[in-house]
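> have a look; sequence and predicted model below, questions after that.
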Amino acid sequence: MDGSKALDEATQELKQVTQPGDAAATTPTQRNGRQSGPAKTDEQSIDYDSLGIPKAAVPAFEEAREMFASLGRKRTDEVFACGEMLAKVRGKAPSQESFERWSKQACRLTRRGAGNYIAVHNNLRAHRKILVGCGMPAAAMYALATAEDEAIASVVADLKAGKRPTVREIKALVSGETHGAQPCPADIAGADGLKALARAKVQNGVPVLIERLRGMLSHIEEARVPHFEGKKVAKGALVEKLEHPARRARAELQSLAVFVEPNAEASSNWIVHPAHFPHGSQWEAVSQVLFKLGGREDWPDASDLGGWLVRDVVPAIEFAVGARLSKDGSTR
């Protein structure tokens, strides 16, 4: 694999994660190395005999195909799961060429796209827990998976220390580029230091928040299915999945996007709280939805829950992540 080209692709993909624009406007080659078009392929359209794949191995290949058909933009843990599945079926394919032909037909994956998933599984699985816990974007993992063990260990150490290395920084580690020592933002004086700290917070925090919101959307999509069947949504189970993530997401949003202001209801002007978003704005709606999701006592009754999710919650979170839920539950 051409390491430079793969890393350039990864850099472009990370930009998609941090931009609030319409995710549907991105080009096919910017999506995890996937080609355009639906991943789901009719089983009968794949001629396993012509690929030389033994009949006994077909169920494993079909399981992998169905996994890709059911997932949209993948969360960190799903990237690992897909990599593990692809590595498994590649070992059952009679040749690399046969595997590549199958992955293109069944999963809409280019050679590089399949290689990215497998490299993540093969080279980063020892650090899976920390990477999933930090919600590292797929693009960053694709870049990290090509690094030497020493560089991977360095990035993992940074993650454990609370830092979030960028794709560009990982690329420098992979290529062996050396740069003059850069001062830590916390050691830069004055306005320049404050601006550097703010840039670092946005650079590290936005991908984490977006990943959290995407996970919440996924839970909502699963839970709202009964609503479209005329049934009640299971409120208790959904509360357990969304209440605490919503509280954290709202705190992260306020930290990233607004300053502080005096509390108008307090007698002293030194009592401050995060400023409000402009009244009537889309981001105000996002903040209010997250506030309500973060307190189960504010949720509607089970009989009205499905309508609230569809009418208020999903549109607000879709706006926040810059993507819409498709009918299969993936974001696009």
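Sure thing, it's come through. Here the structure is a predicted model, which is why all the values come from computation and not from measurement. Numbers count the residues shown, from 1 in each chain.

> and Trp299, its phi and psi?
For Trp299, the backbone dihedrals (degrees, to the nearest 10) come out as phi -70, psi 150.

> ok, how many other residues are close to it?
A count of nearby residues for Trp299, using other C-beta atoms under 10 Å, gives 18. (C-beta placed from N, C-alpha, C; glycine too.)

> Gln203 too?
Counted with other C-beta under 10 Å, Gln203 comes out at 14.

> same question, Ile130
Counted by other C-beta under 10 Å, the residues lying close to Ile130 total 15.

> over to Asn204?
By other C-beta under 10 Å, the residues close to Asn204 number 16.

> run through the residues that contact the nearest residue to it once chain neighbours are set aside.
In this structure, Asn204 finds its nearest non-sequential neighbour in Arg164, 3.5 Å apart by C-beta to C-beta, 6 or more residues apart in numbering. Shown in contact with Arg164 (C-beta atoms under 8 Å, 6 or more residues apart in numbering): 134, 158, 203-205, 207-208.

> closest one of those residues to Leu253?
The nearest member of the contacts of Arg164 to Leu253, counting by C-beta to C-beta, is Gly205 at 9.4 Å.

> now the closest one, what's its secondary structure?
State at Gly205, reduced to three classes by DSSP: H, G, I helix; E, B strand; the rest coil: helix.

> what is the burial count for it?
17.

> wait, doesn't it sit right on Leu253?
No: counting by C-beta atoms under 8 Å, Gly205 does not reach Leu253; the two are 9.4 Å apart.

> how many neighbouring residues does Leu159 have?
With other C-beta under 10 Å as criterion, Leu159 counts 17.

> so how far is Lys129 from it?
To Lys129, Leu159 is 11 Å away according to C-beta to C-beta, to the nearest Å.

> same check on Asp77?
10 Å.

> more neighbours: the two, which one.
Neighbour count, other C-beta under 10 Å: between Asp77 and Lys129, Asp77 has more, with 15 against 10.

> just the helices from the stretch 101-250 of the chain, written as ranges.
Using DSSP state H, counting those that start in this stretch, the helices of the stretch 101-250 of the chain run over 111-124, 128-134, 138-144, 149-160, 167-175, 190-223, 225-228, 235-257.

> so where's the chain shaky on pLDDT?
Scanning the chain for pLDDT under 70 picks out 1-44, 72-73, 176-182, 324-332.
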